[in-house]
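> generate a structure from the sequence data that follows.
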Amino acid sequence: MKTPRFPLAVVTLLLAGLATPTPPAFARQAPAAPKPAWQASVEKTLDAPLFQHASVGVLVRSLDTGQVLYVRNPDLALMPASNQKILTGAVALAKLGAEFRYRTILSHTGSVDRDGTLNGDLYLKGSGDPSLDSERLLTMVRALKGKGIRKLNGRIVADASAFDARTLGSGWAWDNETYYYSAQVAGLNCDENVLLLEVRPGKNVGDRATVVIGGPNAEKLGFAQSRYVAVTNEVKTVAAAESGSASVSAERVRGRNEVRLSGTMPAGAAQPQNVVVTVEDPALFAGTRLAELLPVGGVAVPSPDLLRVETGVTPAEAVEIAVDESPALPQLLKDFLKPSDNLYGEALLKTVGLKAEGKGTIAAGATALRKLLTEAGIDTGGLSVADGSGLSRMNTLTPRLVTDLLIHVWTKYPPADRDAFVAALPEAGVDGTLRSRMKQTAAAGKVYAKTGTLTRVSALSGYLTAKSGERMVFSIVMNHYGGSASAARGAQDAIVLALTEVPGTNKVSRSGDSR
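Just a heads-up that it's a prediction; the model follows:
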């Protein structure tokens with residue numbers, strides 16, 4: 001068969017049909033409007049080498065309109081550090097109520113003789129109060145004496161049954177257990193479950209330093225040194241010229257109330273070196289402190305070798321003698337959020353669990369928190385709750401969740417509760433963990449926010465009022481950054497200061513997220 005031949009004109013037409021048509025000329029597009037200076041400043045901060053390999057989430061929204069002002073990775077699940085306390089504080093206020101107070105009850109079994117001898121046991125029953133201290137215990141002892149009881153012939157039983165037996169949070173670092181920020185939590189707490197060790201130089205160079213267990217607190221309340229911990233003292237007194245300043249470190253043996261002190265104290269040092277250590281078994285510690293305070297309050301006890309202090313549960317037939325009440329929740333929230341107190345975080349979340357779910361556990365508190373968020377229409381994707389304080393690296397949340405919750409508190413809580421929550425947050429340049437940050441800037445006194453710090457984790461979330469009067473909510477959460485914690489905090493402060501320049505809502509340009 002012969003190959004078909006096409007006329008030259010037909011071939012020309014076919015080739016013309018396969019050719020790419022020449023596109024029409026388009027009008028030159030107008031250049032994009034420049035970013036507002038405040039937004040450019042935020043992005044310059046976040047694009048710094050410090051965050052080149054980091055996971056950073058930022059979300060800023062107007063409280064006045066709900067408009068998104070700035071966003072970057074708002075749905076990343078990030079470790080919040082102490083920003084977890086925002087969640088704990090919000091759910092505590094919602095589930096416990098502003099009038100909530102902890103109650104600690106002193107009661108007894110047995111009978112009281114005419115001479116005032118109690119032939120029975122004293123029971124100290126806690127409700128998880130993280131604020132209970134020795135002074136308030138002493139007030140209870142004086143109430144005991146006021147009821148005619150002048151001598152104890154029995155045991156002291158510490159009742160911590162309000163909470164479960166887990167005194168440490170999930171994922172807490174074992175090598176931090178000595179330090180105050182890792183204090184154990186129980187249904188009965190006292191003096192934040194820590195002891196102060198006051199270290200002073202010995203009489204001569206080469207001598208061991210002297211140690212007072214309990215420090216000024218013991219002296220002020222009038223009881224002898226605490227016998228709850230045993231101290232191995234290896235601190236040496238050295239010549240002042242050799243040392244210059246005190247250098248004392250402490251380590252508590254895991255699972256035991258044995259503390260090892262090491263280091264040096266300069267001879268003739270006028271000021272002691274104070275070392276704070278945690279205690280094992282907070283309930284037993286509180287019961288022991290009650291035993292130490294009974295003689296101070298005028299109630300005689302058997303010798304320390306004969307007086308038994310144990311943990312247990314208060315029997316139904318016990319006779320109530322005295323009741324201690326904590327400050328109301330708004331004050332507790334200030335004592336919790338402003339200094340970022342971890343013990344309060346654990347106690348409050350367990351208390352929420354007890355009140356809302358019937359169990360004094362972190363898991364029950366987390367269930368109540370999730371219910372609150374779900375009822376508020378807040379997406380809980382990315383949320384993991386391992387504790388109430390944020391000390392665990394197993395906690396995760398998103399900046400969107402934080403800002404949504406802060407908006408929910410602002411718009412849906414009763415005004416008095418909302419104001420109590422905001423007032424409990426650190427105030428920039430004024431108090432709490434923000435007292436030294438953003439001082440003498442446009443943010444000072446205009447930012448109420450919660451800080452958060454763990455190794456390679458830093459966060460800042462809260463409320464802000466710009467120079468224009470624009471009120472906004474923000475969350476900045478940084479993980480795995482490549483520098484120091486102070487550098488990360490400096491970046492957060494720079495972002496907040498840039499946000500103070502945000503103009504009124506009608507002048508604000510959006511930044512890529514409409515939700």
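
> just the strands in the stretch 51-200 of the chain please.
55-62, 68-72, 103-108, 111-112, 117-119, 122-125, 151-152, 156-159, 194-200 (DSSP state E, counting those that start in this stretch).

> neighbouring strands of the longest one in the sheet, and parallel or not?
Just to be clear, that refers to strand 55-62. Applying DSSP bridges, strand 55-62 is found paired with strand 68-72 (antiparallel), strand 471-479 (antiparallel).

> how is this protein partitioned into domains?
37-99+329-507, 103-166+283-325, 175-281 (automatic domain parsing).

> and these, which one is worst for confidence?
Among the domains of the chain, domain 175-281 carries the lowest mean pLDDT, a mean of 90.

> that one: end-to-end distance?
End-to-end span of domain 175-281 (CA to CA, to the nearest Å): 17 Å.

> pretty sure S247 contacts T264?
Yes. Contact criterion CB atoms under 8 Å: S247 and T264 qualify, at 5.3 Å. C-beta here means a position set from N, CA and C on the backbone, and glycine is covered the same way.

> and those two? Which one has more around it.
T264 (20 against 14; other CB atoms under 10 Å).

> show me the contacts for A364.
350, 352-354, 356-358 (CB atoms under 8 Å, 6 or more residues apart in numbering).

> give the buried subset of those as a PyMOL selection command.
Per 16 or more other CB atoms under 10 Å, the buried members of these correspond to this PyMOL selection:
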select buried, resi 350+352+353+354+356+357
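
> could I get the contacts of A364 as a markdown table with distance to Y463?
Compiled in a markdown table, the contacts of A364 are given as follows (distance: CB to CB, whole Å):
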| residue | distance to Y463 |
| --- | --- |
| K350 | 27 |
| V352 | 23 |
| G353 | 27 |
| L354 | 30 |
| A356 | 26 |
| E357 | 30 |
| G358 | 34 |
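
> what is the nearest of the contacts of A364 to T403?
V352 (21.7 Å; CB to CB).

> ok but that closest one is inside a helix, no?
Yes. Remark: V352 belongs to a helix, assigned using DSSP: H, G, I helix; E, B strand; the rest coil.

> ok, it to L372 distance?
9 Å (CB to CB, to the nearest Å).

> overlap of the contact sets of the two?
91, 95.

> what about S182, distance to R456?
18 Å.

> mind checking which of those two has more residues around it?
S182 (21 against 18).

> list the residues that contact the more buried one.
168, 172-173, 176, 278, 342, 391.

> reformat those residues as a markdown table; add distance to Y448 and neighbour count.
Formatted as a markdown table, these follow (distance: CB to CB, whole Å; neighbours: other CB atoms under 10 Å):
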| residue | distance to Y448 | neighbour count |
| --- | --- | --- |
| L168 | 31 | 18 |
| W172 | 28 | 21 |
| A173 | 30 | 14 |
| N176 | 29 | 12 |
| T278 | 30 | 27 |
| N342 | 20 | 26 |
| L391 | 22 | 25 |
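
> and which of those is nearest V299?
Looking across these and measuring by CB to CB, the closest to V299 is T278, at 28.4 Å.

> can you give me every residue that contacts the closest one?
177-180, 182-184, 193-194, 252.

> same question for T451.
82-83, 340, 426, 433-434, 459-460, 489.

> out of the residues you listed, which is most surrounded?
With neighbours defined as other CB under 10 Å, the most crowded of these is A459; it has 31 neighbours.

> distance of that residue relative to I495?
For A459 relative to I495 (CB to CB), the value is 12 Å.

> mutual contacts of those two, please.
I476.

> with just CA atoms, put stretch 399-411 into PDB.
Coordinates of each C-alpha in stretch 399-411 appear next as PDB, following Å, rounded to 0.1, in the frame of the first residue of the first chain:
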ATOM      1  CA  PRO A 399      -2.200  27.700  70.200                       C
ATOM      2  CA  ARG A 400      -5.700  27.600  68.700                       C
ATOM      3  CA  LEU A 401      -7.000  25.700  71.700                       C
ATOM      4  CA  VAL A 402      -5.400  28.200  74.100                       C
ATOM      5  CA  THR A 403      -6.700  31.300  72.400                       C
ATOM      6  CA  ASP A 404     -10.200  29.700  72.000                       C
ATOM      7  CA  LEU A 405     -10.200  29.000  75.700                       C
ATOM      8  CA  LEU A 406      -9.100  32.400  76.700                       C
ATOM      9  CA  ILE A 407     -11.800  33.900  74.500                       C
ATOM     10  CA  HIS A 408     -14.300  31.600  76.100                       C
ATOM     11  CA  VAL A 409     -13.300  32.700  79.600                       C
ATOM     12  CA  TRP A 410     -13.500  36.400  78.400                       C
ATOM     13  CA  THR A 411     -16.900  36.100  76.700                       C
END
